[in-house]
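**Student:** give me a model of this one.
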Amino acid sequence: MKSRRNRGQAGSVLLEFTLIGIPLMFLVISIVEMSRGMWVYASVAYAVKEGTRYASVHGANCASASSSCPVTLGAIATVVKQAAAGLDPGQFNVTMTAGGSSTSCAPLSTCLSSSTVWPASPNNSVGIPVKISATYPFNSALSMFWPGAKPVAFAAITLGAESQEEILF
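**Tutor:** Predicted coordinates:
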């Protein structure tokens with residue numbers, strides 16, 4: 001009698017796993033990918049903020065106080081790179097704007113060794129706005145679940161951040 005009852009429930013475990021397990025795995029992957037995306041965005045935003053802060057305290061008055069004070073494009077790029085721990089500088093696109101001049105580091109790794117003074121005079125006076133904006137591609141495993149996506153094709157989502165401060169010193 002007992003074996004007869006087991007024969008009637010033979011496929012129920014497989015069916016229950018299919019109905020519950022697969023959506024649960026999708027939920028776990030979704031949570032991990034969303035968390036990773038938020039981490040990448042927070043890293044980009046923090047790096048941009050640190051670069052802007054660094055540039056805002058190295059203006060014309062700083063240059064007249066010390067010959068080692070004028071900041072270079074490479075120094076700001078290094079600050080941004082160090083603040084963006086875990087992000088590839090070869091994929092990190094940064095644009096630095098001071099006053100009316102703009103400099104693009106696309107990718108960031110191209111500016112790391114630059115000895116060009118930035119912001120250059122007259123855009124390094126106290127009160128001039130300094131803005132750094134950046135974009136970084138985020139490749140998510142969730143894209144393979146999107147309708148119409150090719151199998152195992154991870155689409156890039158571009159995450160961006162921007163920070164602006166006035167030159168203080």
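**Student:** wait, a helix at Cys103?
**Tutor:** Cys isn't right for residue 103; it's Thr. No: under the criterion used here (DSSP: H, G, I helix; E, B strand; the rest coil), Thr103 is strand, not part of a helix.
**Student:** state the pLDDT value of Asn61.
**Tutor:** As summarised for this prediction, Asn61 has a pLDDT of 80.
**Student:** isn't it up against Val126?
**Tutor:** Yes: using CB atoms under 8 Å, Asn61 makes contact with Val126 at a distance of 6.2 Å. The way it works is simple: take the backbone N, C-alpha and C, and place the C-beta from them, glycine included.
**Student:** who touches both of these two?
**Tutor:** With contacts taken as CB atoms under 8 Å, 6 or more residues apart in numbering, Asn61 and Val126 have Phe169 as neighbours in common.
**Student:** next, Thr97: secondary structure please.
**Tutor:** Classification of Thr97 using three-state DSSP returns strand.
**Student:** again but with Cys69, I slipped
**Tutor:** Following three-state DSSP, the label given to Cys69 is coil.
**Student:** go on, Ala134?
**Tutor:** State at Ala134, reduced to three classes by three-state DSSP: strand.
**Student:** give me the number of neighbouring residues for it.
**Tutor:** The local packing of Ala134 (other CB atoms under 10 Å) involves 25 other residues.
**Student:** ok, the spatially most central residue of the chain - contacts?
**Tutor:** The centre of the chain sits closest to Val44, judged by CA atoms, centre = their mean, with a distance of 3.3 Å. With contact set as CB under 8 Å, 6+ apart, Val44 has these partners: 84, 87, 92, 134-136, 159-161.
**Student:** now swap in Thr97 and tell me
**Tutor:** 103, 130-133.
**Student:** from those residues, which single one is nearest Val32?
**Tutor:** Among these, Ser133 lies closest to Val32 (CB to CB), at 28.1 Å.
**Student:** hmm, back to that, wait, which of the contacts of Val44 is closest to Leu27?
**Tutor:** Nearest to Leu27 among the contacts of Val44, counting by CB to CB, is Leu159 at 22.7 Å.
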